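Asks: Structural data only, the sequence is not supplied:
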């Protein structure tokens, strides 16, 4: 009896320690869940990172072809597969790739992957996004290598291009939470409207004086309309509700529906713009209505 | 044996036929785009406004116009009319009976929307209006290509 009592007495500190740590562990698990949910939301607002999925192909496993000046580049596998995806990369390495365009092996990432734009994402949003990416189903799939006839395209041409034309931003301490500033943050750094709706020149430099004024040949060569508030050639006559409605559903005020890459980012691969909150869709609408109207007919 | 003159006449006739056929296809595309992108688009925009304003009389009226327009759809797609900036997919003629079901589905959706408006049921009108949009989208996504793309490789 005495021996049993002394055993209990000795084990008491251990039990007390478990009792003290248990709520913290539960809290940490809860915090992790929240982080992943937030990351999933960022992923949705980024159009489900649709560029990393071949249409009707394996989700997020890369391999999608994109035309670039003088060649074709293939999207990478962003699943947590250790051999062919991001599984063996640290959070810091993923952040460096996403915001500076440099892989862990020091290789440059071509600027068609919008690392310039992503450099303006708030760190908390980036960390959440990475936490979500780590929950994706790992898929073992190598992406085809860059096809180009230009020698040293990645090693020389890319850093030179970035030096001359790149515009990396400073990540804000905190993402704006509402209003036009929130809209600008989403448009420029997460949803990346300008990637398709701002025309680029022959070497892929966005024409900033035609910011969001549309392009006859967007990212995939598709026509991307003028989304500045010009009344005749843009969306000046659209209400903020109509712009938000298109962002969330893909339907225009005339019941026509968007197709191509715009439809893909709205539908998303697992999640997309359609999962955005109405408040964020309205913030995007408010920002689009606030930019300089530009006359530019794309069709 | 054909003489030089006969050859010239034949070449001119064939070229003339090709020009006429090409022009007819181009006309069909122009007429179709005018109907689909101007007429239907304006009607649908007015319908959208009426739904938002709960203007049930206007909804019924616009639904009638949509039904009339849908009756014309098959005639707007003469075989092979793919000239110029047409976004019609060649599958239209390969799967003609499937294609022609779509305008019929839009007509049915418009009739149901009109009935909801007649009943003055605002919630049902919202649902049926969404269903009408989905009916239009189903056809577009099956038989209309996105605006021109660089190459099949990037689809």
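Replies: On my side now, so go ahead. For clarity, every value in this text was computed on a predicted model and none was experimentally measured.
Asks: which stretches of chain B have low pLDDT?
Replies: Across chain B, residues meeting the criterion (pLDDT under 70) sit at B:1-3, B:5, B:7-26, B:38, B:148-155.
Asks: Tell me which stretches of chain B form strands.
Replies: For chain B, strands defined by DSSP state E do not occur.
Asks: Now the stretch 101-250 of chain A against chain B: closest residue?
Replies: residue A:221 (3.0 Å; C-beta to the nearest C-beta). For the C-beta atoms, the positions are set from N, CA and C on the backbone; glycine is no exception.
Asks: distance of that residue from residue B:70?
Replies: Between residue A:221 and residue B:70 the computed distance is 32 Å (C-beta to C-beta, to the nearest Å).
Asks: tell me the SS of the residue of the stretch 101-250 of chain A closest to chain B?
Replies: Put simply, residue A:221 is coil when judged by DSSP: H, G, I helix; E, B strand; the rest coil.
Asks: Quick test: name the residue nearest the centre of chain A.
Replies: residue A:46 (3.8 Å; C-alpha atoms, centre = their mean).
Asks: shouldn't that one be in contact with residue A:195?
Replies: No. Counting by C-beta atoms under 8 Å, residue A:46 stays clear of residue A:195, with 10.8 Å between them.
Asks: right, and the residue of the stretch 101-250 of chain A closest to chain B touches residue A:67 too?
Replies: Yes. At 6.5 Å, residue A:221 counts as touching residue A:67 under the criterion of C-beta under 8 Å.
Asks: Burial check on residue A:113, number of neighbours?
Replies: 18 (other C-beta atoms under 10 Å in any protein chain shown).
Asks: correction: residue A:35
Replies: 17.
Asks: What segments of chain B are helices?
Replies: For chain B, the helices defined by DSSP state H occupy B:4-33, B:41-53, B:56-72, B:91-94, B:96-118, B:122-143.
Asks: what's the distance between the nearest residue to residue A:226 once chain neighbours are set aside and residue B:122?
Replies: Leaving aside its sequence neighbours, residue A:226 sits nearest to residue A:214 (C-beta to C-beta, 6 or more residues apart in numbering or on different chains; 3.6 Å). According to C-beta to C-beta, residue A:214 and residue B:122 sit 36 Å apart.
Asks: Those two: who's more crowded?
Replies: residue A:214 (24 against 12).
Asks: Return the residues in contact with that one.
Replies: A:197, A:199, A:223-227, A:233-234, A:296, A:298 (C-beta atoms under 8 Å, 6 or more residues apart in numbering or on different chains).
Asks: With respect to residue B:97, which of the residues you listed is nearest?
Replies: residue A:223 (30.8 Å; C-beta to C-beta).
Asks: how far away is that closest one from residue B:105?
Replies: 27 Å.
Asks: Residues of the stretch 1-150 of chain A that sit close to chain B?
Replies: A:55, A:65-67, A:72 (C-beta under 8 Å from any C-beta of the partner chain).
Asks: want to throw the residues you listed into JSON lines with neighbour count and pLDDT?
Replies: Output for the residues of the stretch 1-150 of chain A next to chain B, formatted as JSON lines (neighbours: other C-beta atoms under 10 Å in any protein chain shown; pLDDT from 0 to 100):
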{"residue": "A:55", "neighbour count": "12", "pLDDT": "88"}
{"residue": "A:65", "neighbour count": "19", "pLDDT": "93"}
{"residue": "A:66", "neighbour count": "19", "pLDDT": "91"}
{"residue": "A:67", "neighbour count": "19", "pLDDT": "88"}
{"residue": "A:72", "neighbour count": "16", "pLDDT": "94"}
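Asks: which residue is nearest the middle of chain B?
Replies: residue B:36 (5.0 Å).
Asks: residues in contact with that residue?
Replies: Taking C-beta under 8 Å, 6+ apart, one finds residue B:76 in contact with residue B:36.
Asks: Near chain B, which residues of the stretch 151-299 of chain A are found?
Replies: A:217, A:220-223, A:250-251, A:253-257, A:259-261, A:263, A:299.
Asks: thinking again about what came up before, can you list the helices of chain B in JSON lines and add distance to chain A?
Replies: Formatted as JSON lines, those follow (distance: least, C-beta to the nearest C-beta, whole Å):
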{"stretch": "helix B:4-33", "distance to chain A": "11"}
{"stretch": "helix B:41-53", "distance to chain A": "4"}
{"stretch": "helix B:56-72", "distance to chain A": "9"}
{"stretch": "helix B:91-94", "distance to chain A": "15"}
{"stretch": "helix B:96-118", "distance to chain A": "10"}
{"stretch": "helix B:122-143", "distance to chain A": "4"}
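Asks: Could you export the ones you listed as JSON lines, including distance to residue A:239?
Replies: What follows is the helices of chain B, written out as JSON lines (distance: least, C-beta to C-beta, whole Å):
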{"stretch": "helix B:4-33", "distance to residue A:239": "26"}
{"stretch": "helix B:41-53", "distance to residue A:239": "9"}
{"stretch": "helix B:56-72", "distance to residue A:239": "18"}
{"stretch": "helix B:91-94", "distance to residue A:239": "34"}
{"stretch": "helix B:96-118", "distance to residue A:239": "22"}
{"stretch": "helix B:122-143", "distance to residue A:239": "17"}
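Asks: out of these, which comes closest to residue A:271?
Replies: helix B:122-143 (19.9 Å).
Asks: Can you spell out which helices and strands pack onto that closest one?
Replies: helix B:41-53, helix B:56-72, helix B:91-94, helix B:96-118 (3 or more C-beta pairs under 8 Å, 6 or more residues apart in numbering or on different chains; DSSP states H and E).
Asks: just the angle between the first one and helix B:122-143, please?
Replies: Between the direction of helix B:41-53 and that of helix B:122-143, the angle (axes from the mean of the first three to the mean of the last three C-alpha atoms, to 10 degrees) works out to 150 degrees.
Asks: Can you give me the buried ones in helix B:41-53?
Replies: B:41, B:43-48, B:50-51 (16 or more other C-beta atoms under 10 Å in any protein chain shown).
Asks: can you state the direction angle for it and helix B:96-118?
Replies: 30 degrees.
Asks: So what's the gap between helix B:41-53 and the chain middle?
Replies: 18 Å (C-alpha atoms, centre = their mean, to the nearest Å).
Asks: residues in contact with that helix?
Replies: Against helix B:41-53 from outside (C-beta under 8 Å, 6+ apart): A:253-256, B:55-56, B:58-59, B:62-63, B:65-66, B:69, B:125-126, B:129, B:136.
Asks: by how many degrees do it and helix B:56-72 diverge?
Replies: 150 degrees.
Asks: Ok, the longest one next?
Replies: Between the direction of helix B:96-118 and that of helix B:56-72, the angle (the same axes, to 10 degrees) works out to 170 degrees.
Asks: Can you name every helix or strand that helix B:96-118 contacts?
Replies: Using 3+ C-beta pairs under 8 Å, 6+ apart: helix B:96-118 touches helix B:56-72, helix B:122-143.
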